[in-house]
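>>> Generate coordinates for the sequence data below:
(chains A, B, C and D)
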Amino acid sequence: MEAGRLDQVVEKEIYVSVGPQHSGAGHFRMVLKLDGDIIVDVIPDPGFVHRSVEKIAENMLYVQIVPLVEKVTHVDASNLAMGYVRAVEELSGIQVPERAKYLRTIACELSRITSHLYFFGIFGIFLNHSTMFMWSFGDRDLFLDLTQLLTGTRIAHSYILAGGVRHDMPQDFPDKAMKVLDYFERKLEDYYKIFMLNPVMIERTRGVGVLSREDAIRLGATGPVLRASGVRYDTRKDDPYAAYDKIDFEIPVYKEGDSYARVMVRFREMQESVKIIRQALRDMPEGPVRPKRMVPRWPVKKGEHYARVEAARGELGYYIISDGKAKPYRLKMSSPSFRNLLILKHLLRGETLADMPAIYMSLDYWAPEADR
Amino acid sequence: MMDVAGLIIRIVKYLIYDLTHMGPVFKAVIFPGLAFVFILAIVLVWLERKMAAKVQMRIGPLYAGGPEGILQPIADFIKFAFKELIIPDQADKLLFIALPIVSLVVAMAPIAFMPYSRYMIISPNPYGLLFAMAFVTLFPLIILLTGWASNSKYAFIGGIRAAYQQIGYELPMWFSALGVALASRSFDFVKIVESQQPLWFALTQPLGALAFFIAMVAEMGRIPFDIPEAEQEIAAGWFVEYTGIMFGIYMVSAMLMKLYVLSLLFTVMYLGGWLPGWGLPEAWTFVKAFIVMFLIMFFRAVFPRTRIKTFVNMAWDKLLPLSIINLLIVFALTFTGFYGGVQP
Amino acid sequence: MNPVKAFIDSVKSMIVGFKYLFTVPRMTLKFPEQKMVLPPGYRGQHYLEMDKCTGCSICAMSCPPRAITMVKRDPTPRNKRGLFPLINFNYCIYCGYCVLFCPFDALHELDIHDLAVYDRDKLIHPPEFLQKVKENPEILYEYSGMNVIRTPRWKEEYAEPVFTRRGVKHEPIRK
Amino acid sequence: MDGGVYFGRLSRVVEALRRFAGKTVEFDPIRRLVNWGRLYSLWPVHVTTSCCSVALGAGMGARFDYERFGVLPFGSLRQNDLIIIEGTLTYKFAKRIRRIYDQMPEPKYVIAIGACALSGGIFRDAYSIVKDVSKVVPVDVFVPGCPPRPEALGRAVMLLQEKIRRSKVSGEPIETPIVVR
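Next comes the predicted model:
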């Protein structure tokens, strides 16, 4: 709309731009068409972080693509790498030592916890609950300490490589991990009391942005969004990878399908992740974690393959076409955030402007992942 | 010339007498007035940030200077004072420039009627409660005007929200205040406090006190009712276009003066002001008001923001009946002579 | 929602807040004064041992952002072609592949990872400089112009998180 | 552009006053006071260009807590002083960043963090990204890393504070040799 004086506005609807500079939208823009306080229509404007990852990947060695795909979702790096490495390994039949599988599980779950904590922080700040932001980001840092102990860096791990993991875990890792997990389990109770039980928060999220089971399936929702709508679907159970088939854990499912359920699914998933890490540390067998010598060229066979993993935001798929050379012919990512973006439009229509942050953030939309 | 010199000498003599005997100038400029309020404002900003930081397991402002970074608010203010002023092309310029100053005046005016003790009051007035409440009521209109003058969509939505919010809390607030006035049979703050002699009104009118408290937090625009300036929905709401010192003035008036004035109002109306009155009566008032301020600032660390819809629903469904029931109870009690003692 | 239950839950939330206000310790790492102990194997700034380098260029080949260029220097007995890596930290993503894939252990990583510069040219580290970093890692701060903020009035000490029953805090350790 | 019109017809008088004030303000005690206010009150804009925002988030969180330095994120850009460009800047975003920069009041500062912001990093083959952020907005401090540690961002804030401390109120740097303390 042209910038004019407000008293000259005769239309009933006004357009309000949310993002990219806006405390309610990071690297994403949507234009809301408002009738009074009701959102009549949403015009999403993604693509602010489009970096043509798939095309760049065609000019890179297979090993170099691991950090590349991690950049797509920095908060969830190991899961992203896990999906890619799984595709490569299954395509060319690379065997992975047993211990490496457990280490991969630990890395993936640490990654999931940090990602969910990131979600909680941002969700808190979107509801203007700054304490939740500070607590989540503070506790997230303790987990980043663990990942830096395990993988060598805080965020972009590049830990999971074809044929194993980069290096074995340090001697003092289990002790430190147990300390952090004990602390975190105690802390989660306080999270629950100050945020989930908080009547103001419940009032803002319960019954807001309800996604029915049918709509969730029809629109292709994935991950916690799908599970909050009552669909029990998780790649970790349905198509196990790493060591998930040997580990006992539950998949939290909620029936309500509103923002509160989506938050609760993530909350319960963090508790499950803590359990998974504990079990993996306990059951981990001895043995090698990688081939003797790491080489930058991976022996990838000719062919094509699709593999998927359960990233923090949902099911993440990689499709690789290889012509047997050092670089892939084509790499296609199917990212969960992009699939959940469709739902945003569906959910926002008819809600009020005040519900926009609660709905938008409850999808845990990560723009670089959707734009790629 | 001699006359002028004599006049100056007389003025100086008067000032000395006034300042040493706590006359009107002392009251207006130093103790319940300007100097005290501005020092308190600095301490409050610092305290709010520090307290939120402690709940959030972090430190808060530290390196700006002073013990524990107490100079941080001054640094912020200096920065704003020397920042560029931007007046949007499309704005209503006169209103845009004038409104911050008007808002400061309106926000600070009730201080004149607020008693710290029987004598420590800038402008004693038999209708002090009415005046103070009238000025308090005026502030959302300034927010609405600001939203209009900025001619920005975010600011406009913020202004509309403020007006909408006022529709919710205004009636419960006045009805609760009416209960106090009825019980003490006066609009005079001094009489209101004195008539709380055995029991505070917070104890004899708990429903009214609760309704007034919630309406008061909404009036301040503090979390959980900071709906007009909702950062995450409408950028920063009604002051989105203000820069530099004009924003600084808004921060002082909207964020701090309202907090201070309304907390003091609550103390005087419901918490018995300077009662029990022995020792230094001003200290009693101050400590009580400070606890109220502390509690309201503490909400920031615990609650998220409500929605405008819910708030207005709650105000009409819960607060208004609460305040009316309170009023009826007070009405009944006055006939039984429960609040006797102070005659009109 | 039931208003009485809502009131009780609000009070519960506030009690948690008060608990944190009075009992739980702060977890902030006072950064310029305190530094974190980084684990061995942390992927920070690189250094080079020029006498081990053979100029095989595997580091440059495996570098995902192509931050490493092989530059010509005086040949050594081991390095007959005289090719040594120059690392441009404008590009470097600290993935550590160069160190991982180096067959001769010539490249290594330090635990220094807090560089910031006014001038981006200071981030291009030629092989001689990478060699010097090994002997004196502090040279990194001087070279990048950060010595203006490293004042002696801060006693820099190492700290690490300590978990107590009430929470977590950072306590200084001796290293 | 969304700048301001300075007081309409009074602009000439205002300009003279400004010149006078500009001279007065550069006296050393006043300059130090103003710079002290500025350097301990850097409010960053809520703009996340890309994924290095995780470093900023960690820095704002309870572990590193940049509010100690006076860095307090605030909702609206008219009240902010600092843009932190976090990572990749696409051409689509670059227009907005320039617009955000123009809308902010003087003085304003820019910190660019992450390899992508410095040079394009791993994505510099992409057709859609800006390889050099300083061609879009003037950058004061650069931070390498992908993403940088929060400590590095803290160092960047300290470098920026040092830069402000050694500049005039108008923003020009003072020509003094940098003394190694």
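>>> anything in stretch C:30-37 near chain D?
Yes: Stretch C:30-37 comes into contact with chain D (Cβ under 8 Å from any Cβ of the partner chain), by way of C:K30, C:F31, C:P32, C:K35, C:M36. Just so you know, the C-beta spots here come from the backbone N, C-alpha and C atoms, and that holds for glycine as well.
>>> Which of those sits closest to chain A?
Comparing the residues of stretch C:30-37 next to chain D against chain A with Cβ to the nearest Cβ picks out C:M36 as the nearest, at 8.0 Å.
>>> Against chain B, which of the residues of stretch C:30-37 next to chain D make the cut? List them.
Checking the residues of stretch C:30-37 next to chain D against chain B (Cβ under 8 Å from any Cβ), the matches are C:K30.
>>> In strands only, show me the residues of stretch C:30-37 next to chain D.
Judged by DSSP state E, the subset of the residues of stretch C:30-37 next to chain D located in strands is C:K35, C:M36.
>>> May I ask which of the residues of stretch C:30-37 next to chain D has the most neighbours?
With neighbours taken as other Cβ atoms under 10 Å in any protein chain shown, the top of these is C:F31, carrying 25 neighbours.
>>> wait, that one sits on D:E151?
Yes: using Cβ atoms under 8 Å, C:F31 is in contact with D:E151, at 5.9 Å.
>>> got any residues that touch both of these two?
D:F64 (Cβ atoms under 8 Å, 6 or more residues apart in numbering or on different chains).
>>> burial of residue 84, as a residue count?
No chain was given, so I picked chain A. A:Y84, neighbours per other Cβ under 10 Å, totals 26.
>>> that's the other chain; I wanted chain D
As a burial measure, D:I84 scores 29 neighbours (other Cβ under 10 Å).
>>> got it, and the one 10 residues further on?
D:A94 sits with 19 neighbouring residues when counted by other Cβ under 10 Å.
>>> Likewise for B:T310?
B:T310 has 15 neighbouring residues, counting by other Cβ under 10 Å.
>>> Could you do A:S17 as well?
A:S17 has 18 neighbouring residues, counting by other Cβ under 10 Å.
>>> now swap in B:P276 and tell me
What B:P276 shows, counting by other Cβ under 10 Å, is a neighbour count of 9.
>>> Could you do C:K169 as well?
C:K169 has 17 neighbouring residues, counting by other Cβ under 10 Å.
>>> can you pull the pLDDT of it?
Listed pLDDT for C:K169 reads 84.
>>> and the two most separated of the residues of stretch C:30-37 next to chain D?
C:P32 and C:M36 (12.2 Å; Cβ to Cβ).
>>> need the contact list for whichever residue of the stretch 201-350 of chain A sits closest to chain C.
Of all residues in the stretch 201-350 of chain A, the one sitting closest to chain C is A:P296 (3.9 Å; Cβ to the nearest Cβ). Residues in contact with A:P296 (Cβ under 8 Å, 6+ apart) are A:L61, A:V63, A:Q64, C:I58, C:M61, C:S62, C:Y97, C:F101.
>>> any residue of the helix or strand encompassing the fifth one up close to chain A?
Just to be clear, that refers to C:M61. Under the criterion of DSSP states H and E, C:M61 resides in helix C:58-62. Yes: Helix C:58-62 comes into contact with chain A (Cβ under 8 Å from any Cβ), by way of C:I58, C:M61, C:S62.
>>> Report the beta-bridge partners for the most centrally placed residue in chain D.
Among the residues of chain D, the one closest to the centroid is D:Y109, at 2.0 Å (Cα atoms, centre = their mean). Following DSSP bridges, D:Y109 is listed with bridge partners D:L82.
>>> So what's the predicted local confidence for it?
Per-residue pLDDT puts D:Y109 at 90.
>>> My guess is it contacts D:Q161. True?
No: D:Y109 lies out of contact with D:Q161 (Cβ under 8 Å); the separation is 9.8 Å.
>>> Need the overlap of contacts for these two.
Shared contacts of D:Y109 and D:Q161 (Cβ under 8 Å, 6+ apart): D:L42.
>>> residues in contact with D:E86?
Contacts for D:E86 (Cβ under 8 Å, 6+ apart) come out as D:T48, D:T49, D:S50, D:C51, D:C52, D:S53, D:A55, D:L56, D:I113, D:G114, D:A117, D:P147.
>>> Run through the residues you listed and flag the ones next to chain A.
Filtering the contacts of D:E86 for neighbours of chain A using Cβ under 8 Å from any Cβ leaves D:T48, D:T49, D:S50, D:C51, D:C52, D:S53, D:A55, D:P147.
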